[in-house]
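Undergrad: A predicted structure for the sequence below; I have some questions about it.
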Amino acid sequence: MIDTSQTNELRPVQHLRQVMAICPTLSDLVNTAMNIREEMPDSEWPRWCFIPEDVWNTMCHTVHLDTRVSNEIMTIGTWRYGQGIYTFEPELLEALAESEINDKLPVEFFYRLPEWCIYIPTPGLKYCDLNLYGFYAHLSFALLGDRQVPILRIATDTPRGLGREFFPLAPRTMADVIDFIMEYSDPNADASIEGAKEWIKELVPLLSILLYICADYPEIDHSRIPGVSPSSKTAVKIKGKYKLFPASSPTIWQVGKQIAETLRKTRAGGGGKPGHQKRPHLRRGHWHGYWTGPRTGERTLTAKWLPPRIVAANTEDEDNAPEIDE
């Protein structure tokens, strides 16, 4: 387990330093994997996947590492090649964490992660009643049952260390996820639909935060260089061999400055009208999928976050409540 209690470094930097101490040959392992990847068909190693989980496990076994640290090496080893830290404005982070996700929203939006792996600090949030310092998110290919399936891997950063959560991307919509989990649960495990629902309930705030990153026009700004956008590094061919070079240092991405300012103004301007018995209230945000394009031509599905808005106390004012411009 990674110990982060003795330093003021950024937590992902602490994690990386300790993983490199555990696995100093990480660069060689990753470069070997990159060369294997070039020979594999997309069906076995999709381009959106950095390194499949079975490959990570094999690499850890090759260098005689305990399987208990393979999750940390897989997560931090993937994050090392971008080192993006996505810092949300507090008002936006809170609003997203409290937002609902429509059951019909397709899970395919999570394929839009801007880097191989990202870290999101989450001050003030909890996960399973534990303080959540932040979490990592990356796409992977994992063996569930007898088949390889795409998953969104989430590593929660809590006082207990890095957690190991996954969200399957094989189902078509959010509503299908529970059925998929039950179908592929270990038959010897004490799994139940209610247990799966509780697990999803814990994950929804993190998924909602990630959806903002994966939406069509997220407000993401480089902390030092205006106009720069995040992207995934790719391997380069040098003397006949593919090599992937890690990022030299973390990059801080600032998320949601303008929309957070609008949220602050919205929450501060909730005065009631004369004659109202109740003050207007703030309706929490929610996610929906919207089809864009001509009805008779090619259409595109877009994930859109409807931010919190002031809703008047009576129903006739509710539809005219001001919404935040995105």
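TA: Alright, I've got the coordinates.

Undergrad: The host helix or strand of Ile200 packs against which elements?
TA: Take DSSP states H and E as the rule and Ile200 turns out to sit in helix 193-214. If contacts are counted by 3 or more C-beta pairs under 8 Å, 6 or more residues apart in numbering; DSSP states H and E, helix 193-214 sits against helix 90-97, strand 100-101, strand 117-121, strand 134-144, strand 147-158, strand 165-168, helix 174-184, strand 300-306. In this view, the C-beta of every residue, glycine as well, is placed from N, C-alpha and C.

Undergrad: I'd like the average pLDDT over the longest one.
TA: If you average the pLDDT over strand 147-158, you get 92.

Undergrad: pull the CA atoms of it into PDB?
TA: What follows is strand 147-158, C-alpha atoms only, in PDB (Å, rounded to 0.1, in the frame of the first residue of the first chain):
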ATOM      1  CA  ARG A 147     -14.600 -12.600 -22.300                       C
ATOM      2  CA  GLN A 148     -12.500  -9.400 -22.500                       C
ATOM      3  CA  VAL A 149     -14.600  -6.400 -22.000                       C
ATOM      4  CA  PRO A 150     -13.900  -2.600 -21.900                       C
ATOM      5  CA  ILE A 151     -14.000  -1.000 -18.500                       C
ATOM      6  CA  LEU A 152     -13.500   2.400 -16.900                       C
ATOM      7  CA  ARG A 153     -11.100   1.800 -14.100                       C
ATOM      8  CA  ILE A 154     -11.400   4.100 -11.100                       C
ATOM      9  CA  ALA A 155      -8.800   4.200  -8.400                       C
ATOM     10  CA  THR A 156     -10.100   6.000  -5.300                       C
ATOM     11  CA  ASP A 157      -7.500   7.800  -3.200                       C
ATOM     12  CA  THR A 158      -8.600   7.500   0.400                       C
END
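
Undergrad: What strands flank the helix or strand just after it, and is each parallel or antiparallel?
TA: Note on strand 147-158: by DSSP H and E, the next helix or strand toward the C-terminus is strand 161-162. Strand 161-162 pairs in its sheet with strand 147-158 (antiparallel), by DSSP bridges.

Undergrad: now the angle between helix 90-97 and the helix holding Ile200, please.
TA: With axes from the mean of the first three to the mean of the last three C-alpha atoms, to 10 degrees applied, the angle from helix 193-214 to helix 90-97 works out at 140 degrees.

Undergrad: Next, the angle from helix 193-214 to strand 117-121.
TA: With the same axes, to 10 degrees applied, the angle from helix 193-214 to strand 117-121 works out at 100 degrees.

Undergrad: So for helix 193-214, what gets flagged as buried?
TA: Neighbour counts over helix 193-214 (16 or more other C-beta atoms under 10 Å) mark 196, 200, 203-214 as buried.

Undergrad: Show me which of the residues you listed is closest to Pro226.
TA: Closest approach between the buried residues of helix 193-214 and Pro226, by C-beta to C-beta: Ile213, at 19.0 Å.

Undergrad: hang on, the earlier thing: as CSV, the helices and strands packed on helix 193-214 with distance to Pro218 and mean neighbour count would be great.
TA: Listed next are the helices and strands packed on helix 193-214 as CSV, based on distance: least, C-beta to C-beta, whole Å; neighbours: other C-beta atoms under 10 Å:
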stretch, distance to Pro218, mean neighbour count
helix 90-97, 10, 22
strand 100-101, 16, 16
strand 117-121, 12, 24
strand 134-144, 14, 21
strand 147-158, 17, 20
strand 165-168, 19, 18
helix 174-184, 19, 16
strand 300-306, 9, 16
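
Undergrad: what's near enough to touch Trp253?
TA: Residues in contact with Trp253 (C-beta atoms under 8 Å, 6 or more residues apart in numbering) are 84-87, 220-223, 230.

Undergrad: Where does the nearest residue to it once chain neighbours are set aside sit: helix, strand or coil?
TA: Once flanking residues are discounted, Trp253 sits nearest to Tyr86: 4.8 Å by C-beta to C-beta, 6 or more residues apart in numbering. Assigned with DSSP: H, G, I helix; E, B strand; the rest coil, Tyr86 falls in the strand class.

Undergrad: Figure out which of the helices and strands packed on helix 193-214 is closest to Ser249.
TA: Checking the helices and strands packed on helix 193-214 against Ser249 by C-beta to C-beta gives strand 117-121 as the closest, at 13.5 Å.
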